[in-house]
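Asks: Dropping the sequence and predicted coords here.
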2 protein chains.
Amino acid sequence: MYDELFQKYQQIGGISNQAWTKVVSTMHVKSLDKAEIFLRPGDSSHTFALILDGVGRHYYVDDQGKEWTKSFAGPGDLLGAYAEMLQAQDSRTFIEAVSPMKVIQGGKRELDLMHTSEWDGLWRKLAEDHFIKKENREYEFLKFDALARYQSYMKYYQHLDHLVPRKFVASYLGITPQALSRITIKN
Amino acid sequence: MYDELFQKYQQIGGISNQAWTKVVSTMHVKSLDKAEIFLRPGDSSHTFALILDGVGRHYYVDDQGKEWTKSFAGPGDLLGAYAEMLQAQDSRTFIEAVSPMKVIQGGKRELDLMHTSEWDGLWRKLAEDHFIKKENREYEFLKFDALARYQSYMKYYQHLDHLVPRKFVASYLGITPQALSRITIKN
DNA sequence: ATGAGTCATTAACCTAGGTTCAGAATGTAC
DNA sequence: GTACATTCTGAACCTAGGTTAATGACTCAT
């Protein structure tokens, strides 16, 4: 998985093996139990990880205690409070392991190491990809009903869905588990 | 306004006066009538503009002919099919003048001129800002009802609102003009 | 294996917002 | 200024999805 990880980010941002290794070598592998929380509101957003195995989930909790899932993340994906990192704020989101996970974790040290021009392209690409994904989600919230959003979820996250409880899917779609049941039985 | 524009992007991305002037000097001023369309689906996403005066609107049209507003843009803001530009696709969105506008327009030539490392920081910052804005909108769609979204709109776009017809506000919130009337009368 | 939580589903009822239609209030063109 | 078109508001009715509550089906810890 290490090699795949390098290849993935190499391809996205044209990082040299050297620069990559320099950063990754100081990161350490961490295992997370199912339902273990990786990051919570108030934690430093400098903490991040790359997923080797398993599925993670980024979510908010509102004042009534309801959870709203922003995104899921699988092998190769970035786990972290990305928006807060960009704004130099502490995390406002929770990140938890949906299934048992294995990740390589980094922090401020590694982020600083990536503050060279060689990494600019990668970070720009990551920002752009994040933007495109969120704009697409905006589009779906504006135009799609819950069923159409569910179908889009299934398409986008098909490789992770078998590990994701339906209540999390519902919270990602912005509906209740009951509503998700209604939708998926009928259609 | 020219100076303000430079100062704004100077501050965002640390562009030198020289680099800025080199790009802007080949752009030309364009006036748009109210309701005039600046860009439509199928047009090259290389066409973009910086707003000198007036208010623009980015929107989709769905298969039933309904319009869904992605964002508004005022003086100093970027007018363009940004997501499509990033993906090297033709525009999928409409952009129109909500009020009479004055802009400085650019195209592929200027985009190419900005393909130097000096511009990387600015483009990265733009991508990040776009991402943050969209993630915030995702958050509001997940957690807020129409009234709360309206209040958020009023806060964010208060400086432009006097120029924006309410039907466009409704289409930005993802509701009908009738629903917007209901909301704003009662509250 | 057993009991205590979770989780998914179903059903009955409720509500925010959609739809349709109509009238009032604006704009805009001549 | 008059005429026409567009926008805004309002009311009546409808529907997608929320809320509450009940019932199995699963975990999983002991």
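Replies: Right, received. Where do you want to start?

Asks: Help me confirm that A:E84 is found in a helix?
Replies: Yes. When DSSP: H, G, I helix; E, B strand; the rest coil is applied, A:E84 is found to be in a helix.

Asks: How about the residues of chain A by DNA strand C?
Replies: Contact residues, chain A versus DNA strand C (Cβ under 7 Å from any atom of the strand): A:P165, A:R166, A:K167, A:P177, A:Q178, A:L180, A:S181, A:R182, A:T184, A:I185. Any C-beta I mention is one placed from the backbone N, CA and C, and that applies to glycine too.

Asks: Please pick the buried ones from those residues.
Replies: Taking 16 or more other Cβ atoms under 10 Å in any protein chain shown as the criterion, what is buried in the residues of chain A next to DNA strand C is A:L180.

Asks: So which of the residues of chain A next to DNA strand C reach DNA strand D?
Replies: Near DNA strand D, judged by Cβ under 7 Å from any atom of the strand, the entries from these are A:Q178, A:R182.

Asks: and the least confident of the residues of chain A next to DNA strand C?
Replies: The member of these with the lowest pLDDT is A:I185, at 70.

Asks: Pick out whichever of the residues of chain A next to DNA strand C sits closest to A:T93.
Replies: A:K167 (17.9 Å; Cβ to Cβ).

Asks: contacting residues around that closest one?
Replies: Going by Cβ atoms under 8 Å, 6 or more residues apart in numbering or on different chains, A:K167 touches A:P177.

Asks: Next, give phi and psi for it.
Replies: Here is the backbone geometry of A:K167 (degrees, to the nearest 10): phi -70, psi -30.

Asks: repeat for the one 10 residues further on
Replies: For A:P177, the backbone dihedrals are phi -60, psi -40 (criterion: degrees, to the nearest 10).

Asks: so it touches A:P165, yeah?
Replies: No. A:P177 is beyond contact range of A:P165, at 9.1 Å (criterion: Cβ atoms under 8 Å).

Asks: related to what we said a few turns ago, make JSON lines from the residues of chain A next to DNA strand C and add secondary structure and distance to A:Q64 to it.
Replies: Below are the residues of chain A next to DNA strand C laid out as JSON lines (DSSP: H, G, I helix; E, B strand; the rest coil; distance: Cβ to Cβ, whole Å):
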{"residue": "A:P165", "secondary structure": "coil", "distance to A:Q64": "20"}
{"residue": "A:R166", "secondary structure": "helix", "distance to A:Q64": "21"}
{"residue": "A:K167", "secondary structure": "helix", "distance to A:Q64": "16"}
{"residue": "A:P177", "secondary structure": "helix", "distance to A:Q64": "16"}
{"residue": "A:Q178", "secondary structure": "helix", "distance to A:Q64": "17"}
{"residue": "A:L180", "secondary structure": "helix", "distance to A:Q64": "19"}
{"residue": "A:S181", "secondary structure": "helix", "distance to A:Q64": "21"}
{"residue": "A:R182", "secondary structure": "helix", "distance to A:Q64": "22"}
{"residue": "A:T184", "secondary structure": "helix", "distance to A:Q64": "25"}
{"residue": "A:I185", "secondary structure": "helix", "distance to A:Q64": "27"}
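
Asks: Can you classify the residue lying closest to A:K108 once chain neighbours are set aside by secondary structure?
Replies: Computed as Cβ to Cβ, 6 or more residues apart in numbering or on different chains, the closest residue to A:K108 that is not its neighbour in sequence is A:H46, at 4.2 Å. Secondary structure, three-state DSSP: A:H46 is coil.

Asks: Local confidence estimate at A:H46?
Replies: Model confidence at A:H46 (pLDDT) stands at 98.

Asks: same deal with A:S117?
Replies: So A:S117 comes in at 82 (pLDDT).

Asks: The closest residue to A:D43 other than its chain neighbours sits in which helix or strand?
Replies: What sits nearest to A:D43 in space, not counting adjacent residues and going by Cβ to Cβ, 6+ apart, is A:S91, at 4.8 Å. Taking DSSP states H and E as the definition, one finds A:S91 inside no helix or strand.

Asks: Next, the contact list for A:S91, please.
Replies: If you count contacts by Cβ under 8 Å, 6+ apart, A:S91 has them with A:L39, A:R40, A:P41, A:G42, A:D43, A:S44, A:S45, A:T47, A:A81, A:E84.

Asks: which residues touch the third one?
Replies: It refers to A:P41. Contacts of A:P41 by Cβ under 8 Å, 6+ apart are A:V61, A:D90, A:S91, A:R92, A:T93, A:F94.

Asks: which of these count as buried?
Replies: Applying 16+ other Cβ under 10 Å to the contacts of A:P41 flags A:D90, A:S91, A:R92, A:T93, A:F94 as buried.

Asks: sorry, back to before: what about the contacts of A:S91, which one has the most neighbours?
Replies: Neighbour counts for these (other Cβ atoms under 10 Å in any protein chain shown) peak at A:A81, which has 26 neighbours.

Asks: wait, that one sits on A:S45?
Replies: Yes. At 4.1 Å, A:A81 and A:S45 qualify as touching, with contact defined as Cβ under 8 Å.

Asks: Please enumerate the shared neighbours of those two.
Replies: Counting by Cβ under 8 Å, 6+ apart, the residues touching both A:A81 and A:S45 are A:L39, A:S91.

Asks: Run through the strands of chain A in chain order.
Replies: Assigned strands in chain A, in chain order: A:28-32, A:37-39, A:48-53, A:56-61, A:67-73, A:78-80, A:94-97, A:101-106 (criterion: DSSP state E).
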